[in-house]
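*Asks:* Give the three-dimensional model of this entry:
(2 chains)
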Protein chains: 2
Amino acid sequence: MEHTYAVILAGGGGTRLWPVSRQDRPKQLLPLLGEETLFQSTVRRLDGLFPPERIFVVTAAGQAKALMQQAGQIPAGNFLLEPSPRGTAAAVGLAAVALHRLDPQAVMTVLSSDHYIHNRDLFHLSMRVASNVAAQGRLVVLGITPTYPATGYGYIQRGAMLSEAFGYPVYEVLRFKEKPDETQALELLRSGDHFWNAGMFIWKTEVILGEFARQMPGLSKALASLDHAWGAPDFQSTLKMTWESLETVTIDYGIMEHAWQVAVVPASGLGWSDVGSWDSLFDVLLPDADGNIVFKGHLVSLETSNSLIYGNHDGRLFVTIGLDDIVIVDSGDVLLVARKDKSQQVRQVVEKLRQMGRHDLT
Amino acid sequence: MEHTYAVILAGGGGTRLWPVSRQDRPKQLLPLLGEETLFQSTVRRLDGLFPPERIFVVTAAGQAKALMQQAGQIPAGNFLLEPSPRGTAAAVGLAAVALHRLDPQAVMTVLSSDHYIHNRDLFHLSMRVASNVAAQGRLVVLGITPTYPATGYGYIQRGAMLSEAFGYPVYEVLRFKEKPDETQALELLRSGDHFWNAGMFIWKTEVILGEFARQMPGLSKALASLDHAWGAPDFQSTLKMTWESLETVTIDYGIMEHAWQVAVVPASGLGWSDVGSWDSLFDVLLPDADGNIVFKGHLVSLETSNSLIYGNHDGRLFVTIGLDDIVIVDSGDVLLVARKDKSQQVRQVVEKLRQMGRHDLT
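*Replies:* As a prediction, this is how the structure comes out:
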């Protein structure tokens, strides 16, 4: 695919998988699901789709070194450093300017650095379809066919069918919807015309830059001044000053919700997860016959089912008796035991620890 | 109290509080409930009742050194070493011979080294009553007034009232009963005439030696040969040989169930527990307002109640979300998470680990 580029957004801190992930040890940097880190898996997933020199990474200065070490095949110049986090709209904008300077016909694929995809072949196929549609001037979003009434994801409602490629239908997008409550999620699942928004976008740089100009004139102006200063000796100070003045806005809210010409490429069977909470690991790792998942540790159990045992080294022995739907996570310095359906509340715990001044643990 | 002696049985291994207690690290040697070990608390509880030189300890050779270090006030000669464990009947017999040689009028109080008693004053009072009754020739057992339908203890049924002392009634014992099932336990609790058998016995050495002669002639003969060899150069080899030939029998089964002249001194409000399982700690340690007990560790919790958090150092951080009636025990090398009402099943886990060859963990 000529003129196509990948942009991996890897700036986020994160405590949704606390106590393993921390503010300064975000989940993309961690080997959460195996030997590779989530970032390494994300990069490897692009093999055969983008050569390394066409993979770009937008990240924070503090994470750049670790990311570069984890993906030595990507040229150092492809790491774009944000002076401070300003949301995905600014991160996408920075990458769009960089790519548009390099190749005015660039089609950029925006990906998260910390998601999981099981079926790489299907992912490649849907990316090819999406790039074709994007090359025609559309803003394209990948729509994941929902498999349960998730309340943790935003949704995309499709409208009329626009075209078909490689057996994939492509639809017009009617609207983006915020994360629903449980009742709404069930309705959305049943409707058959809603997809999960996985934050994977594909578009030409000239098209997204046009949308910035139309919908986010402040950001657009900032991007224009960066384009002007690019390569100049004072570029870093311009970037720093420019970035400080920006509001923090997501690309979904800032652009997608009111964009023209948005298309959705549905993808089912990807085995996608945002790995956004401990219970999401049940979508990602294979449970044993009792429904238990054991990762980095050894479990001896009696009457235990549907539980996650997540240790910090292979020799760690866990013994469980009479548990169902429980999440146990040992990070070494913290031991978390939670009911599975409440495991998202680790964020409140992190908040509580910060109020207690225990920044060493968050 | 003249002629009174305490005999602490401290020979047991034990894995009922596994993974903290181990075969070679039995619970009497451990500071399970505070700064002191259970053995140290047992000895200190006798302050004012028995001077140290009248406290004897029956134990295994392997534990003697540790016990001596924990109770330096007890003369080394008061530690009686069993060559191998042969049950409480043999241990009591060995102590009875030693005391009877020292003081033919001796009244011996048999105590466990690893139980908990909250109310020391009441314990002292009931011991004085029991010693008085024992001095008259009765076999006396302390009867703990039950506070819930325990299935983990044996029971004692009282008969007619024999006497009264210090406001304590003393009853004849009708029968000893093995550990009941749940239905039976509820009946026993409701009956009003049953007590828990806490394994605390008080009797004259001459009376118990007489019962051995009547009910356990084999053991009695062995004890006579030890009495004969006592102090001689070949005593250790005689003891070793004698002990090897003995069957393993408890004093309850071997003597009490068919003894004559048994009396029970009821004790209520002692706050007694055999600390025989993790859920028993709820009888012993004070829970917080949510019903949680935290020992050696720090708990940050959301929606957590009636749970035990038991760490292995004060700095250990536990985080719990949405738990009720859960036991969490971290011994450093093993993490146990169990439903409270299933926590006794650690014994099955220990068995399983032994079958797996993991003797390092049992």
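
*Asks:* Mind jotting down where the strands sit in the stretch 1-150 of chain A?
*Replies:* A:4-9, A:55-60, A:79-82, A:107-112, A:116-117, A:139-144 (DSSP state E, counting those that start in this stretch).

*Asks:* and chain A, which residues reach chain B?
*Replies:* Residues of chain A that fall close to chain B, judged by CB under 8 Å from any CB of the partner chain: A:19, A:300, A:302-303, A:316-323, A:326, A:328, A:330, A:333-339, A:341-343, A:345-346, A:348-349, A:352-353, A:356, A:361. C-beta here means a position set from N, CA and C on the backbone, and glycine is covered the same way.

*Asks:* can you tell me which of those are in helices?
*Replies:* If you go by DSSP state H, the residues of chain A next to chain B have A:346, A:348-349, A:352-353 in helices.

*Asks:* can these go into JSON lines with extra columns for neighbour count and pLDDT?
*Replies:* Shown next, in JSON lines, are those (neighbours: other CB atoms under 10 Å in any protein chain shown; pLDDT from 0 to 100):
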{"residue": "A:V346", "neighbour count": "26", "pLDDT": "95"}
{"residue": "A:Q348", "neighbour count": "13", "pLDDT": "95"}
{"residue": "A:V349", "neighbour count": "23", "pLDDT": "96"}
{"residue": "A:K352", "neighbour count": "15", "pLDDT": "94"}
{"residue": "A:L353", "neighbour count": "21", "pLDDT": "94"}
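
*Asks:* Okay, and the beta partners of A:V107?
*Replies:* Taking DSSP bridges, one finds A:T4, A:K204 as the beta-bridge partners of A:V107.

*Asks:* need the contact list for A:L336.
*Replies:* By CB atoms under 8 Å, 6 or more residues apart in numbering or on different chains, the contact list for A:L336 reads A:18-19, A:278, A:327-330, A:346, B:319-321.

*Asks:* what do you get if the cut-off is 6 Å, keeping everything else the same?
*Replies:* A:19, A:329, B:319 (CB atoms under 6 Å, 6 or more residues apart in numbering or on different chains).

*Asks:* Find me the pLDDT at it, would you?
*Replies:* Each residue has a pLDDT score; the one for A:L336 is 98.

*Asks:* how close does it get to B:I309?
*Replies:* Using CB to CB, to the nearest Å, we find A:L336 at a distance of 12 Å from B:I309.

*Asks:* that older thread, go through the contacts of A:L336 and say which is closest to A:Y155.
*Replies:* Within the contacts of A:L336, proximity to A:Y155 (CB to CB) peaks at A:V329, which comes in at 28.9 Å.

*Asks:* can you give me the helices in chain A?
*Replies:* A:38-44, A:61-70, A:87-102, A:120-135, A:182-191, A:205-215, A:217-229, A:235-244, A:251-254, A:346-355.

*Asks:* Turn the ones you listed into a markdown table, including distance to B:A150.
*Replies:* Output for the helices of chain A, formatted as a markdown table (distance: least, CB to CB, whole Å):
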| stretch | distance to B:A150 |
| --- | --- |
| helix A:38-44 | 51 |
| helix A:61-70 | 56 |
| helix A:87-102 | 60 |
| helix A:120-135 | 58 |
| helix A:182-191 | 43 |
| helix A:205-215 | 71 |
| helix A:217-229 | 70 |
| helix A:235-244 | 67 |
| helix A:251-254 | 59 |
| helix A:346-355 | 36 |
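
*Asks:* re the thing from before, out of the contacts of A:L336, which is most surrounded?
*Replies:* Neighbour counts for the contacts of A:L336 (other CB atoms under 10 Å in any protein chain shown) peak at B:V319, which has 27 neighbours.

*Asks:* just checking, it touches B:V300?
*Replies:* Yes. Under the criterion of CB atoms under 6 Å, B:V319 makes contact with B:V300 at 5.1 Å.

*Asks:* Mutual contacts of those two, please.
*Replies:* With CB under 6 Å, 6+ apart, B:V319 and B:V300 have common neighbours A:V349.

*Asks:* A:S84: how many residues sit nearby?
*Replies:* The burial count for A:S84: 13, using other CB under 10 Å.

*Asks:* Quick check: closest non-adjacent residue to it.
*Replies:* Closest residue to A:S84 apart from its sequence neighbours, by CB to CB, 6 or more residues apart in numbering or on different chains: A:W243 at 5.8 Å.

*Asks:* follow-up on the earlier one: which neighbours do A:L336 and B:I309 have in common?
*Replies:* Counting by CB under 6 Å, 6+ apart, no residue touches both A:L336 and B:I309.

*Asks:* Distance check, A:L125 against chain B.
*Replies:* A:L125 sits 40 Å away from chain B, going by CB to the nearest CB, to the nearest Å.

*Asks:* again with A:W203
*Replies:* A:W203 is 40 Å from chain B, by CB to the nearest CB.

*Asks:* per-domain residue ranges of chain A.
*Replies:* Domain segmentation of chain A under automatic domain parsing yields A:4-273, A:278-361.

*Asks:* Can you add distance to B:E35 and give these back as TSV?
*Replies:* TSV is the format used below for the domains of chain A (distance: least, CB to CB, whole Å):
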stretch	distance to B:E35
domain A:4-273	29
domain A:278-361	24
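
*Asks:* what sits opposite the closest residue to A:R138 other than its chain neighbours in the beta ladder?
*Replies:* Among residues not flanking A:R138 along the chain, A:A263 sits closest, at 4.4 Å (CB to CB, 6+ apart). Beta bridges link A:A263 to A:V140, A:E172, judged by DSSP bridges.

*Asks:* burial count for A:A263?
*Replies:* Neighbourhood size, A:A263 [other CB under 10 Å]: 24.

*Asks:* Double-check it against A:V140; I have them as touching.
*Replies:* Yes. The pair A:A263 / A:V140 is scored as a contact, 5.0 Å apart, by CB under 6 Å.

*Asks:* Quick check: neighbours shared by the two?
*Replies:* If you check A:A263 and A:V140 against CB under 6 Å, 6+ apart, the residues they both contact are A:V133.

*Asks:* Output the below-cut-off pLDDT ranges for chain A.
*Replies:* Scanning chain A for pLDDT under 70 picks out nothing.

*Asks:* Quick check, central residue of it?
*Replies:* Centroid check for chain A by CA atoms, centre = their mean gives A:S112 as the closest residue, at 3.0 Å.

*Asks:* my guess is A:E211 meets A:E257, correct?
*Replies:* No. Taking contacts as CB under 6 Å, A:E211 lies outside contact range of A:E257: 11.3 Å.

*Asks:* Would you mind telling me which of these two has the busier surroundings?
*Replies:* A:E211 (22 against 17).

*Asks:* contacting residues for the residue of the stretch 1-150 of chain A found nearest chain B?
*Replies:* Residue of the stretch 1-150 of chain A nearest chain B, by CB to the nearest CB: A:P19 (7.1 Å). For A:P19, the contacting residues are A:331, A:334, A:336, by CB under 6 Å, 6+ apart.

*Asks:* if we can go back for a sec, which one, of the helices of chain A, ends up nearest to B:D103?
*Replies:* Nearest to B:D103, of all the helices of chain A, is helix A:346-355, at 61.7 Å by CB to CB.

*Asks:* quick revisit: out of the strands of the stretch 1-150 of chain A, deepest packed?
*Replies:* strand A:139-144 (a mean of 26; mean count of other CB atoms under 10 Å in any protein chain shown).

*Asks:* how about the nearest residue to the residue of chain A most remote from its centre, chain neighbours excluded?
*Replies:* Going by CA atoms, centre = their mean, the residue of chain A most distant from its centre is A:L302, 37.1 Å out. The shortest distance from A:L302 to any non-neighbouring residue, by CB to CB, 6+ apart, is to A:I321 (4.7 Å).
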